[in-house]
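Participant: The sequence and its predicted three-dimensional model are supplied below.
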Amino acid sequence: MGKIKYRIFTPFDGVKGWEHEGKTYRLAVGCGIAEGPNGELLACTMTGGDTEPCDDHVMILTRSFDHGRTWSDPEIIVGNENGENGSGGIISVNGQTLFDGKNYLRIARWPAKDTYSVWHYTTGISEDGCRTWGEELPVTKVDGEGLSSGVGNIIRTSKGELLCSGSINQKRPVPLKAGVARLAYAKSEEEALAMEPAREDEEKPSAEFGDWHVKMCCFETNEDFTEFKVRGNLIDNRPLGLCETQIIELKDGSLALLARAEWGGYLWRSDSFDNGYTWTPAYQTDIPNPSSLTTLMRLPDGRIAMFLNPTGGVVGKRGDRKRLAVWVSNDEMKTWYIKEDIVAGEFYLSYPDPRILSDGTICFGYDHNRRGTRYVEIEIEE
């Protein structure tokens, strides 16, 4: 018998599909869980046509008034406008999503042609459970010519600061041309650029990672999440990039960043011992990863939980996402003494996004086979 009990429900069924204004929505990418001021649960996902990316993505929201057992019909909260896809999610800090009765929505718009490399952000604020939103607030970041950025999870540190994991995408003057199985071992940009172009039997890097250098970083942000400023140095010692980052504060006051390393086989990590003002070069951990998002959260009892696809483990290759697991550490991520699969099978299981609800419930959302979302409540043995 396992040490984690769980219950799984379906906020959005893309197999059945949602008919809206002459279009059938089936795609499901990610599932962010939040709670409204009246106690309802909210589940956000990006949907659209049958492929990802495409040119018709929007963000939808469903509601539950019975702790996830049943869900309302979807409603669009971020549309597709002016040729840009709409996505985003309700902002959480240390896993919580409700602040003085308000929900903050991170609104992301991005051209499909740029394949997740160029992002335009605003912030919306709602006081009625995301039924209405105030005027969108502009988000200021470090973006400039040739730069774009992505943001990850947000924590409030023991010093009261709001810090955010993130990445900076910088357009390369010269794209990487070698096969990814070789590029995954490159220790510098110079070494990667000097490699011979990919042979016919080799996989080439996608434009997202070959044309752009994705660098891991830490942002500091403000109380209404409209300013994101890089704190410390960019972590750029992996040519194939470090993306979909997560930040956590350890009990000794140090900070750790974990990142997806495309074609890396494992998660990579960087550490800071001065509140994020300097970061170590990134290094490969022993945590397997198939090139997918892994998320971290400090539990109310002080342990750290990690939500991940525990597959991969081969440098130079992606892996499958047929298992979704929860790992738990009681020694500040030195070891993981609980490692339990929550879902496994011939599916595509992605983007686990954990939360702590106001009643203490620990839960997470994820997308199931890109054709639906799942809400999972868990109880972890003490």
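Facilitator: Done, it's in.

Participant: what sits up against whichever strand or helix holds residue 268?
Facilitator: Taking DSSP states H and E as the criterion, the element that holds residue 268 is strand 266-272. For strand 266-272, contacts defined as Cβ atoms under 8 Å, 6 or more residues apart in numbering pick out 216, 218, 232, 235, 238, 242, 254-261, 278-289, 294, 312-313, 315. Bear in mind the C-beta positions are built from the backbone N, C-alpha and C, glycine included.

Participant: quick one, phi psi at residue 208?
Facilitator: With angles defined as degrees, to the nearest 10, residue 208 sits at phi -60, psi -30.

Participant: Okay, and which of the contacts of strand 266-272 map to strands?
Facilitator: 216, 218, 232, 235, 255-260, 283-288 (DSSP state E).

Participant: So which elements touch the helix or strand of the chain with the lowest mean pLDDT?
Facilitator: When the helices and strands of the chain are compared on mean pLDDT, DSSP states H and E, strand 147-156 comes out lowest with a mean of 86. If you count contacts as 3 or more Cβ pairs under 8 Å, 6 or more residues apart in numbering; DSSP states H and E, strand 147-156 packs onto strand 162-171, strand 212-221, strand 243-249.

Participant: Give the other helices and strands that the last one contacts.
Facilitator: Just to be clear, that refers to strand 243-249. Short answer (3+ Cβ pairs under 8 Å, 6+ apart): strand 243-249 packs on strand 147-156, strand 162-171, strand 212-221, strand 255-260, strand 295-298.

Participant: name the helices or strands packed onto the shortest one?
Facilitator: It stands for strand 295-298. strand 243-249, strand 304-308, strand 349-356.

Participant: on that earlier part again, which one of the helices and strands packed on strand 147-156 is the most hemmed in?
Facilitator: strand 212-221 (a mean of 25; mean count of other Cβ atoms under 10 Å).

Participant: picking that back up, weakest of the helices and strands packed on strand 243-249 by average pLDDT?
Facilitator: Across those, strand 147-156 has the smallest mean pLDDT, namely a mean of 86.

Participant: Check which residues of that one are buried.
Facilitator: Within strand 147-156, the residues scored as buried using 16 or more other Cβ atoms under 10 Å are 148, 149, 150, 151, 152, 153, 154, 155.

Participant: related to what we said a few turns ago, pull up the pairing partners for the strand holding residue 268, direction included.
Facilitator: strand 255-260 (antiparallel), strand 283-288 (antiparallel) (DSSP bridges).

Participant: now the angle between strand 243-249 and that strand, please.
Facilitator: 50 degrees (axes from the mean of the first three to the mean of the last three Cα atoms, to 10 degrees).

Participant: could we number from 449 for the rest of this?
Facilitator: Sure, I'll start counting at 449 from here, so that last one is strand 714-720.

Participant: Off-centre distance for strand 714-720?
Facilitator: Relative to its chain's centre, strand 714-720 lies at 16 Å (Cα atoms, centre = their mean, to the nearest Å).

Participant: Could you look up the next helix or strand downstream of the host helix or strand of residue 494?
Facilitator: Assigned by DSSP H and E, residue 494 falls within strand 489-495. Moving toward the C-terminus from strand 489-495, the next helix or strand (DSSP H and E) is strand 506-512.

Participant: distance of residue 536 from residue 826?
Facilitator: In this view, residue 536 and residue 826 are 25 Å apart by Cβ to Cβ, to the nearest Å.

Participant: Can you give the distance of stretch 777-794 from its chain's centre?
Facilitator: 18 Å.

Participant: got the end-to-end distance for that stretch?
Facilitator: With Cα to Cα, to the nearest Å as the measure, stretch 777-794 spans 28 Å from end to end.

Participant: And the contacts of that stretch?
Facilitator: With Cβ under 8 Å, 6+ apart, stretch 777-794 has contacts from 450-452, 454, 456, 696, 698-700, 704, 751-754, 758, 770-776, 797, 814, 816, 822, 824, 826, 828-829.
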